[in-house]
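S.K.: Could you look at this predicted model? Sequence included:
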Amino acid sequence: MKERNFIKLAQNCYWDPHEEVVYLDRAVIPLSENKTRCLKLFIYYRGKPLKDIEIFDFVFKDDSKEFTNKTIRSLISNLRNKLPCLNIINHYGGFYSLEKYREPTPDFQEYLLDILDQAKNGITITDPNQPDNPIIYVNEAFASMFGYSPEEVIGKNCRFLQGDDRDQSARDEIKEALRNQQEVVAVLRNYHKNGNLIYNEVQISPIFDKHTLELKYFLGIQKDITELHTLMLKLKKESE
């Protein structure tokens, strides 16, 4: 198989535009006529979201079948099961797209944690699929900001940073946003390991699996605004 004559869909997965067949690991993957039509449409419009009715009209144009959302969901689900290597994305409103294959960038992946560690603000990643949404990663800026080593905080919930200072409206805002899997920005009173008060502007974003749309992680960014907050309080007091 001469790869230059094929369209690369994923690692070791190719589309033969002449024969209209898919090769995976150099073996032909048998697809039904409907799945082949669906894949052909996705390939032609790679990277562009297609409405479910558009997919239906193309795939079932010769049938008397009546359109339903469920028909397309089932078709795409079966195509994914047949070719799990394909990067088929669900979009809001009944749109779907096949993303273009991009060669992996090992240098970026290899140095991703180094990149995060060089960020100026504190960064945390938590796992909401584990009990109590524990921290699974912190960068060096976070460790420096609060005086804890990564080993001391991994496995804990981020609320330990508030110590006994639990009566904060921002905590309720964050709790509600996490429960609804929404992004939130709030100012928290957190505490350094030595007990010093730190005002943090905290931004938390949910991270979803792009295939299943299931919640995978929460990404938190902590910005130290202690000096700014203290100055604002001082100016407010002086103006009273």
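M.R.: Perfect, thanks for sending it. Numbers count the residues shown, from 1 in each chain.
S.K.: How far off centre is the helix or strand I55 falls within?
M.R.: For I55, the host element (DSSP states H and E) is helix 52-59. On the basis of Cα atoms, centre = their mean, to the nearest Å, helix 52-59 sits 28 Å off its chain's mean C-alpha point.
S.K.: How about stretch 91-103?
M.R.: Its chain's C-alpha centre and that of stretch 91-103 lie 14 Å apart, by Cα atoms, centre = their mean.
S.K.: And the contacts of that stretch?
M.R.: Stretch 91-103 is contacted by residues 8-11, 39, 42-43, 45-53, 55, 69, 72, 76, 86-90 when judged by Cβ atoms under 8 Å, 6 or more residues apart in numbering. In short, each C-beta sits where N, CA and C put it, glycine included.
S.K.: how does it look with 6 Å?
M.R.: 8-10, 42, 46-47, 49-52, 76, 87-89 (Cβ atoms under 6 Å, 6 or more residues apart in numbering).
S.K.: just stretch 42-55 next, same as before
M.R.: With Cβ under 6 Å, 6+ apart as the criterion, stretch 42-55 contacts W15, F67, N69, I72, H91, G94, F95, Y96, S97, L98, K100.
S.K.: which pair in those spans the largest distance?
M.R.: The span of the contacts of stretch 42-55, defined through Cβ to Cβ, is set by F67 and K100 at 27.6 Å.
S.K.: and the next helix or strand after the helix holding I55 with helix 52-59, angle?
M.R.: Counting by DSSP H and E, the next helix or strand C-terminal to helix 52-59 is helix 69-82. Counting by axes from the mean of the first three to the mean of the last three Cα atoms, to 10 degrees, helix 69-82 points 70 degrees away from the direction of helix 52-59.
S.K.: what pLDDT, on average, does helix 69-82 get?
M.R.: Across helix 69-82, the average pLDDT comes to 95.
S.K.: ok, now stretch 172-188?
M.R.: Across stretch 172-188, pLDDT averages out at 97.
S.K.: that older thread, avg pLDDT for the helix holding I55?
M.R.: 95.
S.K.: For the closest residue to Q118 other than its chain neighbours, give its distance to S149.
M.R.: Once flanking residues are discounted, Q118 sits nearest to E140: 7.7 Å by Cβ to Cβ, 6 or more residues apart in numbering. E140 is 10 Å from S149, where distance means Cβ to Cβ, to the nearest Å.
S.K.: Counting neighbours, go ahead and name the busier of the two.
M.R.: E140 (15 against 10; other Cβ atoms under 10 Å).
S.K.: Surely the residue nearest to Q118 and D117 touch.
M.R.: Yes. E140 is within contact range of D117, at 4.5 Å (criterion: Cβ atoms under 6 Å).
S.K.: where do the helices sit along this structure?
M.R.: 33-44, 52-59, 69-82, 106-110, 112-117, 140-146, 150-153, 169-179, 226-239 (DSSP state H).
S.K.: For those helices, give me CSV that also has distance to N196.
M.R.: Below are the helices of the chain laid out as CSV (distance: least, Cβ to Cβ, whole Å):
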stretch, distance to N196
helix 33-44, 55
helix 52-59, 55
helix 69-82, 51
helix 106-110, 36
helix 112-117, 23
helix 140-146, 10
helix 150-153, 17
helix 169-179, 19
helix 226-239, 9
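S.K.: hang on, the earlier thing: emit the ChimeraX select command for whichever of the contacts of stretch 91-103 are buried.
M.R.: Applying 16 or more other Cβ atoms under 10 Å to the contacts of stretch 91-103, the buried members can be selected in ChimeraX as follows:
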select :9,42,49,50,52,76,87,88
